[in-house]
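Asker: How does the following fold in three dimensions:
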Amino acid sequence: MAGEQGVKLLGAWFSPFAQRVELALKLKGVKYVAVEEDIFNKSPLLLKSNPVLKKIPVLLHNEKSICESLVIVEYIDETWKLNPILPQDPSDKAVARFWAKYIDEKLIEVIRKILFSKAEEQEEAVKQAKEALEVLEEEVKGKKLFGGDTIGLIDITLGWISLWLGVIEEASNVQIFDSEKFPCLAKWVLNYLEYPFVKETMPPRDQLADFFKNFRWKKRFNVAVRTAEGLAYLHHECLEWVIYCDVKPVNILLDSEFESKISDFGLAKLSPRGKQTLEASRISGTKGYTAPK
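Answerer: Numbers count the residues shown, from 1 in each chain. Just a heads-up that it's a prediction; the model follows:
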């Protein structure tokens, strides 16, 4: 097929975002090479191909790299014309993009919170996820698929709930999706899974469940390691040493990839590089989190 030379997908078997890209490639009949990435030990190729976000998926095509799953899906749709993914009408195309954005912002973001948040925050996130599903339930009512009679952008964007959502519910010990409460979405899932190429991209459920159970702890461990690395940098590698005096959970912020960021330097102290001692008139820090002096 024209334009197919050198198609590679940097992804991971457990990633619903990489699966979106695989679905689009299979729908178009594009041959590609899947390159498995370790998200905890990112390869030089991934870091070179996506130097800004440093995350999967990345599509490599004709020596060009395209990042972000929805951007990649649109690129695939524009490059290979067979089996259109987005509607041709500009108005319909804008609507499809709206719902894809809605799914990512209103559903996926709260699902991430459910995986890693505490009980109270998790309860609120579950509520928000159900509210998002209620909106999608109304949108798919009376339709075989969001894209009509064929799989489209919205179906590809939401397709992960057919497997990943149940696994995440199990790993987090919560219930979000109820087929009786969301009958139209439940029917949509069955229609979506009728396509053989959809099932081909699905990882084994048991394997995925084991991964997510372990993944929660790996992510938490990674937060601790990255925080320690940040403190080590402040204390030993800055041009002027920064002695951080208020390490506690509320001061460790997490980005969308759960990479830790140290915040609140109000109690921090500066020390000339190489100075062996630092004089302080009082103990600094928050009671209960202050290290023994």
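Asker: Please count neighbours and contacts with C-alpha atoms only from this point.
Answerer: OK.
Asker: What segments of the stretch 1-150 of the chain are helices?
Answerer: 16-28, 44-49, 69-79, 90-102, 109-116, 119-140 (DSSP state H, counting those that start in this stretch).
Asker: need the helices for the stretch 151-293 of the chain, in chain order.
Answerer: Counting by DSSP H, counting those that start in this stretch, the helices of the stretch 151-293 of the chain are 153-158, 164-172, 183-193, 196-200, 205-236.
Asker: Identify the bridge partners of Ile243.
Answerer: Lys269 (DSSP bridges).
Asker: all numbers from here: first residue = 22
Answerer: Got it, the first residue is 22 from now on, which makes the last one we talked about Ile264.
Asker: check contacts around it.
Answerer: Contacts for Ile264 were tallied using C-alpha atoms under 8 Å, 6 or more residues apart in numbering; they are Leu255, His256, Ala289, Lys290, Leu291, Ser292.
Asker: Tell me the buried residues within those residues.
Answerer: Buried subset of the contacts of Ile264 (neighbour count, 16 or more other C-alpha atoms under 10 Å): Leu255, His256, Ser292.
Asker: I figured the last one was touching Val263, is that so?
Answerer: The one in question is Ser292. Yes - if you go by C-alpha atoms under 8 Å, Ser292 and Val263 touch, sitting 6.4 Å apart.
Asker: quick one: Phe286 from Cys266, how far?
Answerer: 8 Å (C-alpha to C-alpha, to the nearest Å).
Asker: what's around Val94, how many residues?
Answerer: By other C-alpha atoms under 10 Å, the residues close to Val94 number 25.
Asker: ok, now Leu174?
Answerer: By other C-alpha under 10 Å, the residues close to Leu174 number 25.
Asker: pLDDT at it, what is it?
Answerer: Looking at Leu174, its pLDDT is 98.
Asker: surely it meets Gly168?
Answerer: Yes - Leu174 is within contact range of Gly168, at 7.1 Å (criterion: C-alpha under 8 Å).
Asker: Run through who's touching stretch 164-173.
Answerer: Contacts of stretch 164-173 (C-alpha under 8 Å, 6+ apart): 105-108, 160-161, 174-176, 208-209, 212-213.
Asker: Make TSV out of the residues you listed and add distance to Cys88.
Answerer: Converted to TSV, the contacts of stretch 164-173 look like this (distance: C-alpha to C-alpha, whole Å):
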residue	distance to Cys88
Pro105	20
Ile106	18
Leu107	18
Pro108	22
Glu160	28
Val161	29
Leu174	17
Ile175	19
Asp176	20
Lys208	32
Trp209	28
Asn212	29
Tyr213	25
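Asker: From these, list the buried ones, please.
Answerer: Pro105, Ile106, Leu107, Val161, Leu174, Ile175, Asp176, Lys208, Trp209, Tyr213.
Asker: Now do the same contact list for Pro204.
Answerer: Contacts of Pro204 by C-alpha under 8 Å, 6+ apart are Glu158.
Asker: what's the spacing between the closest residue to Gln149 other than its chain neighbours and Asp125?
Answerer: Beyond its immediate neighbours in the sequence, the residue positioned closest to Gln149 (C-alpha to C-alpha, 6 or more residues apart in numbering) is Val131, lying 6.9 Å away. According to C-alpha to C-alpha, Val131 stands 9 Å off from Asp125.
Asker: now Pro293
Answerer: When Pro293 is compared with Asp125 (using C-alpha to C-alpha), they lie 46 Å apart.
Asker: In this structure, where is pLDDT below threshold?
Answerer: Residues of the chain that meet the criterion pLDDT under 70 lie in 22-26, 237-243, 276-279, 295-314.
Asker: ok, now which ones touch the residue lying closest to Ala230 once chain neighbours are set aside?
Answerer: Spatially, and ignoring its direct neighbours in sequence, Ala230 is nearest to Val188 (5.4 Å; C-alpha to C-alpha, 6+ apart). If you count contacts by C-alpha under 8 Å, 6+ apart, Val188 has them with Arg226, Leu229, Ala230, Phe233.
Asker: again, but for Glu158
Answerer: Phe203, Pro204, Cys205, Leu206.
Asker: What is the neighbour count of the last one?
Answerer: Residues near Leu206, counting by other C-alpha under 10 Å, number 28.
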